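K.L.:
no sequence on this one, just coordinates:
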Ligand SMILES: O=CC(=O)O
């Protein structure tokens, strides 16, 4: 029989960290559902009996997994069940950024609705080349959704060849080629040492003038200062971002002021169904591990 004590700390505010540190000692398992990083220091505070960490997320960059591994702590996450919800929001961001939703709404709300044949013209998805960086479950779900959009070509880049690519009709290319050829660059890869600032001043220079960056991975995949300059100087057409650095981002952050940068506040997996599935899996990962059974999604 597993005994549980639930001590929820769901807020992401910096001031919640001291409370978390104060209450974490003594637990056998933790569901780490905050954006604070779970570091070696906090694991030390938790104590040597802590052997299970579970996240309610697909990404695990908020966990120092080198430190969990060092201490023999089992780590589990909640991938796959969010692929559809995140892929939906990716397509939404592609359309919103390509078709200038933000500028359109701003003009509507400010009473500046002008209309003219050249007014608010955007970019087509039909006939475009869509480049997907990170062709895992989410990247593939994005492609499946876009099949009805008459995309001319799908390319992807990533560490390995994906066997599914053949059936899906996507070709693996080096990242530089993907950046040069794509009209849409979709970032759907995890944040690692290798992918941090994958979009930077140099990579933005490779991209086409009409290209659109969509980021549904992690904010730090993008060097935001470089993206700001590229958008401001119209080196690329637009960006659609579900993730930024930091989160929450200040409301006066320069990126938010740009008409061609459409940002939403990390809502990719935020549907009732998906979040229920994620909650259930993160709890079941813990319960399985407490009973000495394999987690549903071990990392
Ligand atoms: O960003 C959301 C997740 O990693 O689940």
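P.N.:
Arrived safely, thanks for sending. As the structure is a prediction and not an experimental result, all values here were calculated from the model. Numbers count the residues shown, from 1 in each chain.
K.L.:
For the stretch 151-299 of the chain, which residues are neighbours of the ligand?
P.N.:
Neighbours of the ligand within the stretch 151-299 of the chain, by Cβ under 6 Å from any ligand atom: 268-269. No exception for glycine: its C-beta is placed from N, CA and C like everyone else's.
K.L.:
State the pLDDT value of the nearest residue to residue 59 once chain neighbours are set aside.
P.N.:
Of all residues not flanking residue 59 in the chain, residue 190 sits nearest, at 5.8 Å (Cβ to Cβ, 6 or more residues apart in numbering). In the predicted model, residue 190 carries a pLDDT score of 94.
K.L.:
how many other residues sit next to residue 190?
P.N.:
16 (other Cβ atoms under 10 Å).
K.L.:
all strands for the stretch 1-150 of the chain, in order.
P.N.:
Secondary structure of the stretch 1-150 of the chain (DSSP state E, counting those that start in this stretch): strands at 29-32, 52-55, 74-76, 129-133.
K.L.:
Quick one: list the elements packing against the longest one.
P.N.:
It refers to strand 129-133. Other helices and strands packing on strand 129-133, by 3 or more Cβ pairs under 8 Å, 6 or more residues apart in numbering; DSSP states H and E, are helix 137-146, strand 153-157, helix 175-181, strand 184-187.
K.L.:
and for the host helix or strand of residue 165, what are the contacting residues?
P.N.:
Assessed by DSSP states H and E, residue 165 sits inside helix 164-168. For helix 164-168, the surrounding residues in contact (Cβ atoms under 8 Å, 6 or more residues apart in numbering) are 135, 140, 143-144, 154, 156, 171-172.
K.L.:
what do you get if the cut-off is 10 Å, keeping everything else the same?
P.N.:
132, 135-137, 139-140, 143-144, 147, 154-156, 158, 162, 170-172 (Cβ atoms under 10 Å, 6 or more residues apart in numbering).
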